[in-house]
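[1] take a look and give me a structure for this.
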Amino acid sequence: MKQKKAYSTNVFVRFLVFIVFSIFIWRFKIKKIMPEKVKKLKAPYLVLSNHVGFWDPFLAGHFLKPFTHFVSSDAVFRNPLLRFFLTRLGTIPKKKNMRDSQVIRDIVTVIKQGENVGIFPEAVRNWSGTSSPMDPSIGKLIKMLGVPVVVPVLKGMNLLNPRWAFNMQAYPMEIEYKLVFNQEQVKNLDSIVIFEELSKAMFQDDVKYQEKRMIKVKSNTRAEHISHALYLCPECHAIDSFRAKGNDFHCSNCNYTIHVNDYRFFERIDQGKLHFKNIRDWFDWEEKELVKLVRDKYLSQTQDPIFTDKEMLIYKNNANGKLISAGKADVHLFHNQIEIAFYDKEHLHFNFHDLQTINPQTKERLEIFYNKDAYRIAGTKPGVSALKWEVAVNTIWKEMGLTAKMVPYIRV
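    This next block holds a predicted model:
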């Protein structure tokens, strides 16, 4: 009897997804740039891509004839509809921001079956369209697997499908495929050299890309939900103060107001100072500023909250792993703990030693793993940034010397 392959796929689901994304690619005028050596490459090989939009795996793998099994965060499998499709597409789940030896074994198994594996080495979708720092261990994984490496560089994805937006925004992006390493190069190169060359090959800056192309972004919601990415006002330094509508957003604390123009660059509506012309520069500045703020608060051992998210919905996993409502609470970040202050029950306190991971999800949701329990914190009002929590906690972990818990893509 023939043994069933690990992460086998469903032919009908694969065909259905192929048709849907063929229409998707036609609708949004997505262009591929693929050299002959990539077209002719036979499986197995690694597909390593930059990561911006929700649909990246489907788009990066669409033009490759040998089917690719992508590695995805186990968080997306909690959605029943996504779980239905992802399991039938042979998607390999991974615990987000946690050391997961099982996913390495799964990748090795699929490669040994003669099939391709796709990984996003940045680990998460970036927020500003500029590639994030990666974990150098990807070089060791490439060396261990010993197969060629293809890199699809998604160009303009942050203009088509920003991580912080809820809707697609018409923009003719490109996917450029590169054969970065053949099998002989993987065999002979040092893992550090592999990592350095991969970082160069994968790097994409959508701000520079758009500055060269200057193609209009056809949307009437270019600013909506941008506060998920931009949580710190450069005028008054208020946190989570932005409110957005259509193509404009403003600070509710000081009324600093920005218009996102047709090319997704920033303009002042009035005659005041424009601190940043684009999301990349603003994002880089606020990350540094928040790291400094949290570090100063940590070192001073202040007893006041560093910041607070009010009226948040709290969910906790039950015995079956399903997230169920635990109530409404204010969530405080202190220098030594996170406090979930329920309105009608005993408060929860998470110390940073036992806190395993903390990461932002889509919309206003934050996921926390603490002592083997999973929690989801969701905003009841638009504009609450979950990202600031990840930046702040990684800053505290560094100050505490808990560097093994830190993620590589936040520059602390």
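[2] residue closest to the middle of the protein?
    Most central in the chain under CA atoms, centre = their mean is residue 125, positioned 2.2 Å from the mean C-alpha point.
[3] thinking that one is in contact with residue 57, fair?
    No. Checked against CB atoms under 8 Å, the pair residue 125 and residue 57 is beyond contact range at 11.0 Å. Backbone N, C-alpha and C define where each C-beta goes, glycine included.
[4] so what's residue 47 closest to, chain neighbours aside?
    The shortest distance from residue 47 to any non-neighbouring residue, by CB to CB, 6 or more residues apart in numbering, is to residue 118 (3.9 Å).
[5] same question, residue 219
    Residue 219's closest residue in space is residue 169 (CB to CB, 6+ apart), at 3.9 Å.
[6] ok, residue 7 next?
    Nearest residue to residue 7 in three dimensions, chain neighbours excluded: residue 90, at 3.9 Å (CB to CB, 6+ apart).
[7] check residue 317 too.
    Leaving aside its chain neighbours, residue 317 sits nearest to residue 374 (4.3 Å; criterion: CB to CB, 6+ apart).
[8] in a helix, that's where that neighbour is, yeah?
    No. Applying DSSP: H, G, I helix; E, B strand; the rest coil, one finds residue 374 to be strand, outside a helix.
[9] re earlier: give me the neighbour count for the residue nearest to residue 7.
    By the criterion of other CB atoms under 10 Å, residue 90 has 21 neighbours.
[10] over to residue 185?
    Count around residue 185 with other CB under 10 Å applied: 16.
[11] where's residue 18, which helix or strand?
    Per DSSP states H and E: residue 18 is located in helix 11-27.
[12] what residues does that helix touch?
    For helix 11-27, the surrounding residues in contact (CB atoms under 8 Å, 6 or more residues apart in numbering) are 30, 55, 58-59, 62, 67, 85, 88-89.
[13] check contacts around the residue nearest to residue 47.
    Counting by CB under 8 Å, 6+ apart, residue 118 has contacts 46-49, 57, 60-61, 68-71.
[14] would you say it is within a strand?
    Yes. Assessed with three-state DSSP, residue 118 lies in a strand.
[15] state the pLDDT value of it.
    In this model, residue 118 is scored at 97, pLDDT.
[16] residue 22 versus that one, what's the distance?
    For residue 118, the distance to residue 22 (CB to CB, to the nearest Å) stands at 19 Å.
[17] residue 154 now?
    17 Å.
[18] comparing those two, which residue is more hemmed in?
    Neighbours of residue 154 and residue 22, each counted by other CB under 10 Å, are more numerous for residue 154; the result is 26 against 11.
[19] show me the shaky parts of the stretch 301-412 of the chain.
    By pLDDT under 70, the weakly predicted segments of the stretch 301-412 of the chain are 363-364.
[20] so which residues of the chain form helices?
    Taking DSSP state H as the test, the helices found in the chain are 11-27, 36-39, 56-62, 80-88, 101-112, 137-145, 157-160, 183-188, 191-202, 206-213, 279-300, 387-400.
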